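A.B. asks: one predicted model, sequence on top.
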Amino acid sequence: MKINYSCVVAASIILIFTGACRNKGGKTTENANYKVVANDTIELSEESNLIGKLESESVTLSSYAASIKTTGVISPIPTQYAEIAAPLPGRTVKSHIRIGQTVRKGSPLFDIASSEYSEIAKSYAQSRSEMQQAERALNRVKDLYDNHVASSKELEEAQTAYNIAKEEFNHSVAVAREYQINTDNLTVGQPMTVRSPVDGKVLKNEIVIGEYLKEDAEAKVIVANLDKVWLKANISEKEAPLVGEVRSVDIRTVANSDSVLHGTIVYVGGMLDPETRTLQTIIECDNRKGELMPNMYADLTLYIAERGSIVIPKEAVLQSGEGRYVLRKVGERRYCKTSVTVQTAGEDRLLVLDGLKVGDEIVTKGAFYLIDNQ
C-alpha cells in the first residue's frame, strides 16, 4: 500500500513542513528530511533536522496486571430456572402456590381438569392391567410346560402375548413421562397435578381458577433458584486473548454501585459473534443476599494475573485510517510502519496485545513528526 507522510520539522519555535511523501509508480520520493524507500518504510537523510528529535528504545517485558472493563446482563442459571405452562389443554381447578413461596422439585403447583389427561390415565391403567394378566397367563403355561402338560407352542404363544402387552405398557409409561405425569398416583377421573421441575422460589404465578389453558399457552408459573446467578458479558475481539488469564472479577450494579460483588468465570465461548466481534463469557456469582436480579445490568472488571507484558508510551503510538501503528527501527535512520493492537495501561502507557516482540526498537519520542496523512 502507498503511504502519505506529513513531515513536521522544528525550527526556531516550530516550523511545519507539509508534503505528500508518496511512492509513485515504484519511484523513490525524497525531500530535505527523508525519502520513502518502500510502501511502509522511510529513511531519514543524513542532514535531516528530525534526527535529533526522534528517540527510540528496545522493546522489553515488564511486570503488569491488565484488566478488562465491560458490562454484563444477569440471568438465572438455566438448570435452576423453569417456566411452567400447562402440558395438556384443560381448565384450572386448584392452585397450590403463592408468589414468593419456596418449593421443592416435585412440589404441586396447580391442578387442571383435562380430557386428554384422562385418556392418558385410562390407557396407562388398561395397559398395566393387560400386562399383569399376560404375565400371570405366562407363568401358568410355564408351570404346565414344566409338568409336561402344555406344549412348547403354547409356551411360545404365551410369551409373545406377554411381550406385546409389556411393550404397550412401556409405551403408556413413556407418554406419561413426556407430560411429567407421576404414574405412582395416576388415577382415572382425577385432575392432573402440574409439579415443579426444580427447587426454587415462585417468581410468577398467574393461575386463575376456572381459566381454560390451551396446550400452547404461555407459562403461567416461573420457579427459579437465584442463590447463584450468571452474568453474560461480551469481551471485545482485541481483549479476548486475555480472558484465559483472568484471576478475579469485580461486579457493580447501577442499583448498588457502592457494593462490590465477586464472580468466577465458568464459560468462555469458542468463537466470536460475527456481528459484534465479541466473545461471550459467563461469570457465576453468589447471590444469596438477593442483590442481583434477572435482566439487571452490571459493570464488570476482570483482573488479569500479573505477567511479563510489553508496555510502551502512548506517544509512541500513531493513528491512521487503517488503525494504530508504531515506527519500528529497521536500519540506520530507517523506520517501518508497524500495526499494533493496544489497550490502555495507565495515564500515559499502553499495553501491546499484538504487533511487537521483545527486542524490537521503536520510536518512543517525536513519532508525531512523521504522521501518516492517508
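C.D. replies: Received the coordinates, thanks.
A.B. asks: OK, contacts around I312?
C.D. replies: Each residue near I312 by Cβ atoms under 8 Å, 6 or more residues apart in numbering is listed here: V59, V326, V342, R349, L350, V352, L356, I362, T364. Using the backbone N, CA and C atoms, a C-beta is placed for each residue, glycine as well.
A.B. asks: from those, list just the buried residues.
C.D. replies: Among the contacts of I312, those buried by neighbour count (16 or more other Cβ atoms under 10 Å) are V59, V326, V342, L350, V352, L356, I362, T364.
A.B. asks: widest-spaced pair of those?
C.D. replies: Among these, the pair separated by the greatest distance (Cβ to Cβ) is V342 and T364, at 13.7 Å.
A.B. asks: distance from stretch 342-361 to the middle of the chain?
C.D. replies: 28 Å (Cα atoms, centre = their mean, to the nearest Å).
A.B. asks: contacts for it, please.
C.D. replies: Stretch 342-361 is contacted from outside by 56-61, 64, 66, 238-239, 241-242, 309-317, 324, 326, 328-329, 338-341, 362, using Cβ under 8 Å, 6+ apart.
A.B. asks: quick check, central residue of this protein?
C.D. replies: When the chain is reduced to its mean C-alpha position, the nearest residue by Cα atoms, centre = their mean turns out to be Q280, at 3.4 Å.
A.B. asks: do I have it right that that one meets V266?
C.D. replies: No. The criterion here is Cβ atoms under 8 Å, and Q280 misses it with V266 at 11.9 Å.
A.B. asks: which strands and helices sit next to the host helix or strand of L144?
C.D. replies: Remark: L144 resides in helix 115-146, with elements defined by DSSP states H and E. In terms of contacts (3 or more Cβ pairs under 8 Å, 6 or more residues apart in numbering; DSSP states H and E), helix 115-146 is packed against strand 90-95, helix 152-178.
A.B. asks: what's the most buried one of the ones you listed?
C.D. replies: Highest mean neighbour count among those (mean count of other Cβ atoms under 10 Å): strand 90-95, with a mean of 17.
A.B. asks: so after that strand, what's the next helix or strand?
C.D. replies: Next in sequence after strand 90-95, counting helices and strands by DSSP H and E, comes strand 102-103.
A.B. asks: can you list the strands that that following strand pairs with?
C.D. replies: strand 200-205 (antiparallel) (DSSP bridges).
A.B. asks: strand partners (parallel or antiparallel) of the following helix or strand past the strand it pairs with?
C.D. replies: Later in the chain than strand 200-205, the nearest helix or strand by DSSP H and E is strand 212-213. Take DSSP bridges as the rule and strand 212-213 pairs in its sheet with strand 90-95 (antiparallel).
A.B. asks: what comes into contact with the strand it pairs with?
C.D. replies: By Cβ under 8 Å, 6+ apart, the list of residues contacting strand 90-95 from outside reads 86, 109-117, 191-192, 205, 207-213.
A.B. asks: hmm, back to that, buried residues in the helix holding L144?
C.D. replies: For helix 115-146, the neighbour count (16+ other Cβ under 10 Å) marks 117-118, 120-121, 123-124, 127-128, 130-131, 134, 137-138, 141, 145 as buried.
A.B. asks: same check on stretch 40-52?
C.D. replies: Quick answer for stretch 40-52 (16+ other Cβ under 10 Å): D40, T41, I42, E43, L44, S48, N49, L50.
A.B. asks: average pLDDT for that stretch, rounded please.
C.D. replies: Averaging pLDDT along stretch 40-52 gives 84.
A.B. asks: how is this structure carved up into domains?
C.D. replies: Here the domain parsing of the chain from automatic domain parsing is 5-64+308-365, 67-77+225-305, 82-112+193-223, 115-190.
A.B. asks: looking at those domains, which has the lowest confidence?
C.D. replies: For the domains of the chain, mean pLDDT drops lowest on domain 5-64+308-365, to a mean of 76.
A.B. asks: how close does the nearest residue to I310 once chain neighbours are set aside sit to A233?
C.D. replies: With Cβ to Cβ, 6 or more residues apart in numbering as the criterion, I310 has its nearest non-adjacent residue at 4.1 Å, and that residue is V352. V352 sits 24 Å away from A233, going by Cβ to Cβ, to the nearest Å.
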